[in-house]
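[1] turn this into a model:
(chains A and B)
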Protein chains: 2
Amino acid sequence: MSSTTTRRRSGGSDARRASRADAQSSQPAYITRNIPYYEVLGDEGLAIIEANADTILEEIGIDFRDDPEALQIWRDAGADVQGERVRMPRGMCRKLIQDNAPREFTQHARNPARSVRIGGTNTVFVPAYGCPFVHDIDRGRRYGTLEDFRNFVKLAYLSPSIHHSGGTICEPVDLPVNKRHLDMIYSHMKYSDKCFMGSVTHPERAQDTVEMAKILFGDDWLDPDTGKPKTCVVSLINANSPMTFDDTMLGAAKVYARANQACVVTPFILAGAMSPVTIAGTAAQTLAEGLAGLAFVQLVSPGAPVVLGSFASSMSMQSGAPTFGTPEPALVLYVMANLARRLGVPFRSGGSFTASKIPDAQAASESANTLLPTSLAGVNFALHTAGWLEGGLAMGYEKFIMDADQAGMMQTLLKGVDLSENGQAMEAIREVGPGKHFLGCSHTQANFKTAFYLSPITDNNSFEQWDADGRLDMAQRANARWKKLLAEYQAPPLDPAIDAALLAYIEQRKASMPDSSV
Amino acid sequence: MSSTTTRRRSGGSDARRASRADAQSSQPAYITRNIPYYEVLGDEGLAIIEANADTILEEIGIDFRDDPEALQIWRDAGADVQGERVRMPRGMCRKLIQDNAPREFTQHARNPARSVRIGGTNTVFVPAYGCPFVHDIDRGRRYGTLEDFRNFVKLAYLSPSIHHSGGTICEPVDLPVNKRHLDMIYSHMKYSDKCFMGSVTHPERAQDTVEMAKILFGDDWLDPDTGKPKTCVVSLINANSPMTFDDTMLGAAKVYARANQACVVTPFILAGAMSPVTIAGTAAQTLAEGLAGLAFVQLVSPGAPVVLGSFASSMSMQSGAPTFGTPEPALVLYVMANLARRLGVPFRSGGSFTASKIPDAQAASESANTLLPTSLAGVNFALHTAGWLEGGLAMGYEKFIMDADQAGMMQTLLKGVDLSENGQAMEAIREVGPGKHFLGCSHTQANFKTAFYLSPITDNNSFEQWDADGRLDMAQRANARWKKLLAEYQAPPLDPAIDAALLAYIEQRKASMPDSSV
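    Numbers count the residues shown, from 1 in each chain, chains lettered A, B, ... in the order given. Coordinates of the predicted model:
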């Protein structure tokens, strides 16, 4: 028996780890939906937005800044390039994408059971990304550190409803800017066996990500069928909206595309500042920018996996501050998901957004008003699903736990309605009859344990019991939970030779860099 | 000018009132949706559930308890009545409803501008109902009083996104059980000009509601076209699930139906106790009970307005306590809304449910996970939209404000996407171009004020500003808001003669009753 073998080899802690791994693997690695998409516009409305996107590309164009190679690529492809402005004939970008990009693809995890399928009817919930600060209710808000980063990698690893380890979960500001990407990538590789995202802040850092992935995957790096690298890294290429890509993002995109790694091209839009204040205007611009970015990737490396992204927030009419969980961004999300399906590429958007500084009712309602549209619209890659606070400036420990709980509910929602004979439950209704109760009937007994989603952090007890339990609110219960999870965490096994090779690569790279730099 | 006349008559306070009324009337009296319904099942799945409901009615039957007249009505209609068990031939109830019940109807408010259209593509948001306790963050949880009741009537009156005054918002336990319905009905009539709900705890109390409505509406009580009373009262007739109606509810239903007032027939179901633990089983049973109740009303008074209701909660597998905001009740809600449309009657469900005892993150996420499905599914009469805490045991002041804010967001969501030329905003995109910002462009200037939903209680400021403002959470901001609203409240004008007649009716009725009773 393999479990006996494992126990003999390295004692009780591996047995516990195996048991935990079993518990994890009872959950699917990602969600495959079983309910329809929610769509707010019909074909006619969507066609208007697509036509407007083509008009933007043809008449106004997109700036590709400080990257002569990018301009030459567009020129060679037949676009009209004037200075850094690139204008694409109607339909050109769409055709490049539809002729080359895969409709869906697998991102490989070092644990094959944790690989995720991105696109189609699948949804992958990914932790929040890019937060300089972290927050918990004991210590409040502070700059993130490598320890925080590792903690969130561990929490994501331990959360069955979070399917991915994410990327720059929080910025480890205790490390030099030019070196910290190495520690972040290593943390994902070492402390989790789920998929992760690559560095995009410099083409060299993208290359470091690819090199470390090669070490991690070893003989599994190349797909024996195609001879091309397997897609093991997904990375976030943001447009500088409106209608601009810069050399940093283009440089990272080229590195990843040439290595057959996936690029999520996302116009990051505060509507009213980076796009018009309307839903249809924001959607047309987002689509135009996305089409340009995805087509560029296909020109660089035909067939490289890509994801169309959309990030849109509304704005406070009082202060100009970004607002989240409001109806307008939800409508943009529904429209963009639909446009991505019509284009035939996977879609990234949404998550659990909020402008709140703390894990309070504002944070919860704004996040729910983002995550439910994310799920109903059919988002394939849901970045920022867990932890987001303060418009993405802070990664919250309690918020992470609360969001992961909500993601678990979405997993149940997307299963839909069981119409099997057991689901119809007519035998139960016949057995019980008018005026009786169903608690003891055989159907209830047989189905009770799996019947309803059970949150680990909501309190459904009586007022009196809640009072006796110390009158805790949701954030306090989430606080207890992340501490318990971190205390119980055990790292997934990693081949010591691979670990040593990764550390050697990092050491050699760091030695080649100045002590600190931008 | 009428405003000058008003001012001359009764001074500055009326002028302020008129100005406030103007502000209110700039908001629609109810929502007419402009986006599609979300539907989780196709025709085939819905037909299975309808067939199962017919099987329940035909084979198992429904108990009509302690009401010989009801049994006789069923016998006369051709149902199979054995003891108190009524079995209806397949399709009988559906035909009675489809042949007689209106697909939609208007509930008249004493202020005609506040009348609401119930059914079709309309949504009416209604305060929570039936809470014995009230809660605010200053004083905690306590029994409700008449003052609390009046306060919530006033808050609903002052909330543009709450379209209705509701019914038993909270129980005024400082008044005798047998008399308090008079004070509750009077409070709705006096302190608001929105529509309200009737008493259902005894047929005599239903009759009191009708008599007081006759006084309030006076010459407007009868519809000159039909000679029948206008529908001025909507009342809640709950089934005693599973598959039982009792004489209290049947008695109230008969009073209202015979007066052409509307009955919302709602199976109130804790799945696993009062229905099977599955979604399809709960939906089939809910539909069967609803069909029986609605058909009964049509037998009593053909053409009387009715609403199909559904209330379903899931259950904690740990404690057996009801749980809210979970995915399973949302799926029941989507299915039931669809079944109501196929039946051709208005639908009541949802609102802002939570098991939380306080207005924390649990309350907010559970409520959002109910209110968003309520809106997307196409609920017509959304009872429990504002205030619900603790599984309906408590009405919360801060929760009311938070929920009304969310209802306002739903109003914006249901408007959908503006595809007009202004909505497409191509001129703005042309004007701004790559790399610039949209803040100052003419399209933004022209649209900014109405572009985005603006919450009165979320904090979208920077961490530093939020810190300087005292680090308030959502509940604390909601606390300040309900106090401000109540301080500024002014009652809508009520004809003094009508007011006196209502008070005289109440005095006479109370004098006829024992001092206190059940």
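[2] mind listing residues that contact the host helix or strand of A:W482?
    Applying DSSP states H and E as the criterion places A:W482 in helix A:474-488. Here helix A:474-488 makes contact (C-beta atoms under 8 Å, 6 or more residues apart in numbering or on different chains) with A:136-138, A:151, A:154-155, A:158, A:358-360, A:364, A:397-402, A:456-459, B:356, B:360-362, B:365. In short, each C-beta sits where N, CA and C put it, glycine included.
[3] from the residues you listed, which would you call buried?
    The neighbour-count test (16 or more other C-beta atoms under 10 Å in any protein chain shown) marks A:136-137, A:151, A:154-155, A:158, A:358-360, A:364, A:397-402, A:457-459, B:356, B:360-362, B:365 as buried among the contacts of helix A:474-488.
[4] from those residues, which ones fall inside strands?
    Secondary structure from DSSP state E places A:D136 of the buried ones among the contacts of helix A:474-488 in strands.
[5] isn't A:T244 up against A:G61?
    No: the criterion here is C-beta atoms under 8 Å, and A:T244 misses it with A:G61 at 10.3 Å.
[6] in contact with A:G130, which residues?
    Residues in contact with A:G130 (C-beta under 8 Å, 6+ apart) are A:167-168, A:171, A:392.
[7] so what's the residue of the stretch 401-518 of chain A found nearest chain B closest to, chain neighbours aside?
    Using C-beta to the nearest C-beta, A:A425 is the residue of the stretch 401-518 of chain A that sits closest to chain B, at 2.9 Å. In this structure, A:A425 finds its nearest non-sequential neighbour in B:G281, 2.9 Å apart by C-beta to C-beta, 6 or more residues apart in numbering or on different chains.
[8] hmm, back to that, next, give phi and psi for the residue of the stretch 401-518 of chain A closest to chain B.
    As for A:A425, its main-chain torsions (degrees, to the nearest 10) stand at phi 60, psi 30.
[9] relative to A:Y186, how far out is it?
    From A:A425 across to A:Y186, the span is 51 Å (C-beta to C-beta, to the nearest Å).
[10] neighbour count winner among those two?
    With neighbours defined as other C-beta atoms under 10 Å in any protein chain shown, A:A425 and A:Y186 compare such that A:A425 has more, 30 against 19.
[11] hmm, A:L146 is touching A:D174, no?
    Yes: with contact defined as C-beta under 8 Å, A:L146 counts as touching A:D174 (6.0 Å).
[12] what is the mean pLDDT for whichever strand or helix holds A:A288?
    In this assignment (DSSP H and E), A:A288 forms part of helix A:279-300. Across helix A:279-300, the average pLDDT comes to 98.
[13] again with stretch A:474-488
    Rounded mean pLDDT across stretch A:474-488 is 98.
[14] could you do stretch A:71-84 as well?
    98.
[15] how about that stretch: buried residues?
    Buried, per 16+ other C-beta under 10 Å, within stretch A:71-84: A:71, A:73-74, A:77, A:79, A:81, A:84.
[16] report the separation between the closest residue to A:L413 other than its chain neighbours and A:I35.
    Once flanking residues are discounted, A:L413 sits nearest to B:P327: 3.7 Å by C-beta to C-beta, 6+ apart. Distance check for B:P327 against A:I35: by C-beta to C-beta, it reads 10 Å.
[17] out of the two, which sits in the more crowded spot?
    Remark: of B:P327 and A:I35, B:P327 carries more neighbours, 23 against 20, as counted by other C-beta under 10 Å.
[18] what's the neighbour count on the nearest residue to A:H202 once chain neighbours are set aside?
    Nearest non-adjacent residue to A:H202, counting by C-beta to C-beta, 6+ apart: A:T248, 6.5 Å away. Number of residues near A:T248 (other C-beta under 10 Å) recorded here: 20.
[19] give me the pLDDT for A:R20.
    Per-residue pLDDT puts A:R20 at 48.
[20] repeat that for A:R16.
    At A:R16, pLDDT is 46.
[21] send me stretch A:410-425 as PDB with only the CA atoms.
    Coordinates of each C-alpha in stretch A:410-425 appear next as PDB, following Å, rounded to 0.1, in the frame of the first residue of the first chain:
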ATOM      1  CA  MET A 410     -20.500  29.900  -6.100                       C
ATOM      2  CA  GLN A 411     -19.100  26.400  -6.700                       C
ATOM      3  CA  THR A 412     -22.400  25.000  -5.400                       C
ATOM      4  CA  LEU A 413     -24.500  27.500  -7.300                       C
ATOM      5  CA  LEU A 414     -22.800  26.700 -10.600                       C
ATOM      6  CA  LYS A 415     -23.700  23.000 -10.100                       C
ATOM      7  CA  GLY A 416     -27.300  24.000 -10.700                       C
ATOM      8  CA  VAL A 417     -30.400  21.900 -10.100                       C
ATOM      9  CA  ASP A 418     -30.200  18.100  -9.800                       C
ATOM     10  CA  LEU A 419     -33.200  16.700 -11.800                       C
ATOM     11  CA  SER A 420     -32.400  13.000 -11.200                       C
ATOM     12  CA  GLU A 421     -35.000  10.900  -9.400                       C
ATOM     13  CA  ASN A 422     -33.200  11.500  -6.100                       C
ATOM     14  CA  GLY A 423     -33.200  15.300  -6.900                       C
ATOM     15  CA  GLN A 424     -36.900  15.300  -7.600                       C
ATOM     16  CA  ALA A 425     -37.500  13.600  -4.200                       C
END
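[22] from the stretch 201-350 of chain A, which residue is nearest to chain B?
    Counting by C-beta to the nearest C-beta, the stretch 201-350 of chain A gets nearest chain B through A:G281, at 2.9 Å.
[23] I'd like the distance between that residue and B:A292.
    A:G281 is 51 Å from B:A292, where distance means C-beta to C-beta.
[24] count of neighbours near A:F448?
    Per other C-beta under 10 Å, the neighbour tally for A:F448 reads 16.
[25] so who does it touch?
    B:272, B:277, B:317.
[26] specify the local secondary structure of it.
    What DSSP: H, G, I helix; E, B strand; the rest coil gives for A:F448 is helix.
[27] how far away is it from A:V432?
    Counting by C-beta to C-beta - A:F448 and A:V432 are separated by 14 Å.
[28] now the helices for the stretch 151-300 of chain A?
    Along the stretch 151-300 of chain A, counting by DSSP state H, counting those that start in this stretch, helices occupy A:180-191, A:203-217, A:247-258, A:279-300.
[29] understood, closing this out.
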